[in-house]
Every structure is written in C-alpha cells, then in structure tokens.
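*Asks:* Structure for the following, please:
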Amino acid sequence: MTISLLQYMLIPLFSALLIPFVARRRGKLAEIFANVTLLAGLINIGWTLLSPAVLASGFSVLAEDGFSLLMVLTIYLVGLCVSFFSASYGQGRGVNTAYFYPLLLVSVAAMCGVVTSTDFFTLYIFVEVLAVASFALITSDDGREGVEGAIKYYLLTFPASAAIMLGLAVMLLSAGTFSFDSIRIIVYSGASAPALVFSLSLLLLGFLVKSGVVPFHVWTPDAYQGAYAPVSAFLAGIVTKISGVYAVVRIAMFLRLFETGAFRLSEVLMFLGMVSIAVGAIAAMKQDDLKRMLAFSSVSQIGYIVLAAGLATPLAFIGAVFHLFNHATFKTVLFLNSASLEKAAGTRDMTRLGGMEHPMPWTSWTSVIAMLSTAGIPPLSGFWSKLIIIIALWDAGAVTYAVLALLFSALTLAYFLIMQRRIFFGKKSPAAETASEVSPALLAPAVLMSAVIVAAGLLFPYFFSYLAETIASRMVL
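*Replies:* All right, here's what the predicted structure looks like:
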C-alpha cells in the first residue's frame with residue numbers, strides 16, 4: 001500500500017473519528033464534514049487520473065496499481081453521491097447524523113483499504129471491517145425491514161468469512177505468505193500448486209457469497225429492500241462490489257497463472273456468472289417492489305463481471321473491470337431514484353405507480369439513462385463494457401456464453417422498459433396526481449452520476465487506453 005493511496009483511507013477515517021465530537025450539538029456539521037471530505041478526495045483522485053500530463057502520456061506515467069486507482073475513484077464517487085443525497089433525504093426521519101456519517105466514512109475507508117491491500121490477509125481484515133460497518137448502516141432506519149435485512153446480511157455472509165479464514169490458513173501453510181507478489185512468484189515456480197489452488201478456491205467461495213452470486217444470492221434482495229434507502233444505493237452501488245466482486249477479479253488474475261489445476265475452477269466461475277445473469281434477469285421480471293427488482297438486476301449484472309473474470313483473458317479482464325465501474329454508476333442512479341420515488345409517492349410498489357414522468361421529469365430521464373446503460377445500449381458506458389465481454393468470450397471460443405450474454409442483455413432491456421412504462425410512462429396513477437419532483441439536492445447526485453455514465457460512454461477510447469495500459473499490460477500480460 002503506497003503512501004499516495006494510503007491517504008484515501010486515513011483521511012475519511014480521521015473525519016469519522018472527528019464528527020461525533022464536532023457534531024454533538026449541531027447535526028448539520030456531520031453532513032458538512034462528510035461531504036467536504038469525500039468531495040476533496042474525489043477531486044484529488046480525479047486529478048491524479050485525469051491531469052493533462054497523465055493523459056498526454058497515455059497513462060504510462062501512473063506508478064500506482066491501475067485497478068486500485070479506478071476503484072478508489074469509484075468508491076469516492078458513489079460515497080459522495082450517497083452522502084449528499086442523505087443530507088436532504090434524512091431530514092425529518094430521525095436519522096442520527098452523528099452516527100450515520102461516521103459509519104459511511106468508515107465504510108469508505110475500509111473499502112479503500114480493501115482495494116489498496118497488497119496481500120490477502122490485509123484485504124480480508126478490511127472486508128470484515130466493511131461488513132461490520134455495513135451491518136450497522138443497514139439498521140440506520142430501525143424499522144422491522146431494516147433489522148431483518150441486517151440480520152440476514154450477517155447470518156448469510158458469516159459462513160463466507162469462515163471459508164475465507166480457512167483458505168488463508170491453507171495459503172499460509174502451503175506458501176508461507178499472503179503477499180500478492182510472493183504468491184505470483186510461487187505460482188510461476190510451480191511449487192505448492194495443488195495446495196495454492198485449494199486455498200484460492202476457498203477464498204473464491206467466500207467472496208462469491210459476499211458478492212451475491214447465484215446460488216449465494218438469497219441475502220441480497222432482503223438486505224437491499226430492507227435497508228435505509230440511501231444505504232441501499234450504497235450497498236448496491238459499491239459495497240458488495242468491493243467486499244466481494246473486487247476480490248473475485250483479483251483471485252481470477254492468479255488462477256490464469258497456473259499451468260494445470262485451476263482450469264476447472266475458472267470454468268466453474270464462468271458457469272456461476274452465466275447462471276447469475278440468467279436467474280437475476282428472470283427474477284427481476286417477476287418483481288413488483290422496485291428495490292427488489294433492482295436487487296435481482298444487480299445479481300444479473302454482477303454475473304457479467306464474474307463470467308468475464310472466469311474467462312481470464314486480458315480483454316476479458318478489461319471488460320470485467322470496466323463493467324465493475326459501470327455497474328457502480330448506473331445502479332447508484334437507479335437506487336437513488338427509487339428513494340426519490342418513494343419519498344414523492346409514498347410507495348415502491350410499481351403496481352401503484354404510473355405516469356410519474358409528468359410530476360418527476362428529472363427522476364424519469366436520469367432513470368432512462370441508467371436503464372439504457374444497464375441494458376448495454378450505445379453510446380452509453382454499459383454498452384462498451386458488455387461489448388468487450390461478449391467479444392472476449394467469442395474470441396476465446398466460448399460462443400455459447402457469448403450468445404447467452406447477448407440474449408440476456410436484450411432481456412435486461414425488456415424488463416427495464418417494462419419498469420419504465422409501469423412507473424413513469426404508464427397510465428397516470430393517484431400517486432402521480434399528488435407527487436412532485438424532489439428537491440435539487442436530491443436530484444444532484446443522480447444527475448452527476450448520469451453525466452458520468454454519458455461521459456464514460458462518449459470518452460470510451462480514453463477508458464480503454466487506461467485499462468489496457470494499467471491493468472491488461474501490467475497485471476495480466
């Protein structure tokens with residue numbers, strides 16, 4: 001973990017420790033401290049990645065891990081959107097800001113710790129810190145659904161932690177180290193290959209559970225549905241991606257190094273990814289609760305990332321990492337908009353909504369942008385990541401997977417179009433008669449993230465150049 005990346009973990013942690021003291025009597029200070037901390041970090045990491053010198057060099061001057069840098073940017077972007085949204089959404093709901101914002105910042109610090117770790121043990125420690133903070137955040141709104149969702153989140157992800165700890169024990173006994181670089185050297189040498197494959201299998205099992213991949217997805221709809229609305233956006237947008245999917249992609253980068261013994265594991269990973277795509281998409285079509293539908297959609301989209309990670313070619317990793325970033329952006333928009341709809345109409349039940357486009361045009365059209373990106377419609381960012389994944393599958397000879405991935409992408413478009421018609425463009429409902437657009441403070445995060453979705457799609461050549469230079473050529477080839 002380099003000093004330049006360490007700051008992104010330490011500064012929000014310092015703010016989290018400071019807030020309970022400075023905001024004891026003035027809760028507004030908690031919101032200000034949290035938002036200023038996250039905005040400053042986002043500007044800093046944005047300049048690191050997008051300064052003229054870096055762009056002119058084709059990203060070759062970046063010394064840090066390109067995967068970690070992109071994930072830190074994503075963490076701060078989603079964190080800022082959720083924090084800013086919460087400041088207005090939580091008014092009048094009795095949410096303890098001196099409790100909520102420190103937890104949010106601790107989660108951000110823990111996620112930065114996960115993505116900047118250079119060994120498996122440190123990564124696991126930060127994942128567990130994130131799990132505890134997430135458990136507390138889910139119960140920010142202490143209703144029955146929130147408590148139930150938190151308990152299910154804890155109980156169903158606890159076995160994952162046990163598998164990861166067992167995998168770490170086997171790794172230490174067989175390799176004597178947890179370091180990424182040392183493990184890579186040992187793999188190249190051919191020593192302890194069967195034991196290392198077994199330890200990585202256990203790690204992979206644990207992180208797949210934490211990712212919510214089928215058949216380990218049963219906790220995700222309940223946790224997302226029951227959590228306090230901004231926390232749902234935080235969980236779906238970034239937390240499950242960092243606590244599970246990020247580690248799965250990292251481990252997949254090691255699996256491809258083994259000459260023998262790990263191919264079956266990669267095949268299992270691809271199969272689970274494809275099953276997740278299918279089950280998530282089909283289940284999403286059957287939901288009436290908007291947050292539950294978006295939760296199953298998340299399962300489906302995570303499937304694309306896992307499928308590409310299992311393929312483990314340089315192009316597949318580019319697609320997986322880019323879709324990981326894209327999923328964070330469009331899912332954050334959709335969950336924040338579901339919170340805005342619930343605040344304006346008093347319900348998430350899509351059967352009781354309809355015609356909401358007239359009173360809530362901004363919410364409607366930011367949802368359209370996020371929905372089209374999720375479905376992979378050009379020129380939005382989601383189109384490019386899905387295209388890369390499908391091309392990578394086709395080039396590697398996995399034609400069946402490529403065709404199925406394309407077909408389920410079309411199914412994703414179908415159920416999102418149905419959602420859009422039921423909520424925004426359908427017959428005007430009684431809820432639409434009394435609803436009005438939410439405040440600019442609640443709209444701003446969705447508009448910002450929608451702009452990122454459009455910009456990432458239009459500036460795709462720069463994204464591809466970054467991923468090819470800092471990830472494919474340095475970490476995979």
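
*Asks:* hang on, isn't Tyr246 packed against Met71?
*Replies:* Yes - with contact defined as C-beta atoms under 8 Å, Tyr246 reaches Met71; the gap is 6.3 Å. Where C-beta positions appear, they are placed from N, C-alpha and C, glycine not excepted.

*Asks:* Give me the common contacts of the two.
*Replies:* Val115, Leu324 (C-beta atoms under 8 Å, 6 or more residues apart in numbering).

*Asks:* the strands in the stretch 51-200 of the chain, which residues?
*Replies:* Using DSSP state E, counting those that start in this stretch, the stretch 51-200 of the chain contains no strands.

*Asks:* so where do the helices sit in it?
*Replies:* Counting by DSSP state H, counting those that start in this stretch, residue ranges of the helices within the stretch 51-200 of the chain are 52-56, 66-89, 97-116, 120-138, 144-175, 180-189, 193-211.

*Asks:* okay, these in TSV with mean neighbour count, distance to Asn337 and mean pLDDT next?
*Replies:* Converted to TSV, these look like this (neighbours: other C-beta atoms under 10 Å; distance: least, C-beta to C-beta, whole Å; pLDDT from 0 to 100):
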stretch	mean neighbour count	distance to Asn337	mean pLDDT
helix 52-56	11	32	81
helix 66-89	25	10	89
helix 97-116	25	20	88
helix 120-138	21	20	87
helix 144-175	18	19	79
helix 180-189	15	38	81
helix 193-211	22	24	86
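
*Asks:* Determine which of these approaches Ala320 most closely.
*Replies:* helix 66-89 (10.2 Å; C-beta to C-beta).

*Asks:* helices or strands up against that closest one?
*Replies:* helix 3-22, helix 28-50, helix 97-116, helix 229-234, helix 246-255, helix 314-345, helix 440-458, helix 460-467 (3 or more C-beta pairs under 8 Å, 6 or more residues apart in numbering; DSSP states H and E).

*Asks:* Next up, phi/psi of Trp289, please.
*Replies:* Not Trp; residue 289 is Asp. phi -80, psi 130 (degrees, to the nearest 10).

*Asks:* what about it, neighbour count?
*Replies:* 16 (other C-beta atoms under 10 Å).

*Asks:* hang on, isn't it packed against Thr351?
*Replies:* No - Asp289 lies out of contact with Thr351 (C-beta under 8 Å); the separation is 9.6 Å.

*Asks:* closest to Phe330 out of the helices of the stretch 51-200 of the chain?
*Replies:* Closest among those, using C-beta to C-beta: helix 66-89, at 11.3 Å.

*Asks:* now the closest one: how far from the chain's centre is it?
*Replies:* 10 Å (C-alpha atoms, centre = their mean, to the nearest Å).

*Asks:* Likewise for stretch 461-468?
*Replies:* For stretch 461-468, the distance to the chain centre is 20 Å (C-alpha atoms, centre = their mean).
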